[in-house]
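Colleague: Let me see the structure of the following:
(2 chains)
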Amino acid sequence: AQKVTQAQTEISVVEKEDVTLDCVYETRDTTYYLFWYKQPPSGELVFLIRRNSFDEQNEISGRYSWNFQKSTSSFNFTITASQVVDSAVYFCALSDLDSSYKLIFGSGTRLLVRP
Amino acid sequence: DSGVTQTPKHLITATGQRVTLRCSPRSGDLSVYWYQQSLDQGLQFLIQYYNGEERAKGNILERFSAQQFPDLHSELNLSSLELGDSALYFCASSLGLAGWDEQFFGPGTRLTVL
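Modeller: Down below sits the predicted model:
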């Protein structure tokens, strides 16, 4: 069955440190999609990225980068030079054929960036 | 601002009651999704509607129902409420019917059942 594991419940860093949030997924499908969402203290969910299973290229967007490795079923998220505004809960999610392409979320990682 | 609106923002009610949560999708989006976020269950998909028709169902309780109206807004009805139904309920919308489309989330409705 499909599953998303975010083993890090909470991470605390000092501003300007780099931080990597781990995401490991399980799926039997060859076609699937992976997502990262950010939930700041205000509560709304903000879309960050979507990646399909056929595109293993890493992606960089400003201070954010994502490392997709099918060999280890991981889709990790790195924030470079973290800022206090990065403090939020980050969710990794999976959408595959077995789940009728519903979004299956991980349990989230709470990131606290201290000044 | 995602363009998705949800009302009310907060709702406090008693066990056994019934409530209705409302969602207006982004302009042009045809799909509406409902999610429940609770401390013990995390973020769970409940149900999806596309252009007025039910498209996909998740772990939605029989006490819960939803619908999407011709103007594409959606309502989630929760009845015979229990303490465990206290949660943050999100609505999201997307342009197409595929669950892998980028979904835009509303600010959520926080339901407290006393």
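
Colleague: ok, now which ones touch B:Tyr35?
Modeller: Going by Cβ atoms under 8 Å, 6 or more residues apart in numbering or on different chains, B:Tyr35 touches A:Leu103, B:Leu43, B:Gln44, B:Phe45, B:Leu46, B:Tyr89, B:Phe90, B:Cys91, B:Ala92, B:Phe105. (Glycine included, C-beta is placed from N, CA and C.)

Colleague: can these go into a markdown table with extra columns for distance to A:Asp29 and secondary structure?
Modeller: Converted to a markdown table, those look like this (distance: Cβ to Cβ, whole Å; DSSP: H, G, I helix; E, B strand; the rest coil):
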| residue | distance to A:Asp29 | secondary structure |
| --- | --- | --- |
| A:Leu103 | 14 | coil |
| B:Leu43 | 21 | strand |
| B:Gln44 | 20 | strand |
| B:Phe45 | 17 | strand |
| B:Leu46 | 22 | strand |
| B:Tyr89 | 29 | strand |
| B:Phe90 | 25 | strand |
| B:Cys91 | 27 | strand |
| B:Ala92 | 22 | strand |
| B:Phe105 | 25 | strand |
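
Colleague: Need the max-distance pair from the residues you listed.
Modeller: Greatest spatial distance in the contacts of B:Tyr35: A:Leu103 and B:Tyr89, 15.1 Å, computed using Cβ to Cβ.

Colleague: what's the closest of the contacts of B:Tyr35 to B:His10?
Modeller: Closest to B:His10, out of all of these and judged by Cβ to Cβ, is B:Tyr89, at 11.1 Å.

Colleague: Can you tell me who the closest one pairs with across the strands?
Modeller: Note on B:Tyr89: beta-bridge partners by DSSP bridges are B:Gln36, B:Thr109.

Colleague: Tell me how far it lies from chain A.
Modeller: Distance from B:Tyr89 to chain A, counting by Cβ to the nearest Cβ, to the nearest Å: 11 Å.

Colleague: What does the pLDDT read for that residue?
Modeller: Note for B:Tyr89: predicted pLDDT of 97.

Colleague: quick one, what contacts the residue nearest to the spatial centre of chain B?
Modeller: Geometric centre of chain B, nearest residue: B:Trp34, 3.1 Å, by Cα atoms, centre = their mean. Counting by Cβ under 8 Å, 6+ apart, B:Trp34 makes contact with B:Cys23, B:Phe45, B:Leu46, B:Ile47, B:Gln48, B:Ile60, B:Ala66, B:Ser74, B:Leu76, B:Tyr89, B:Phe90, B:Cys91.
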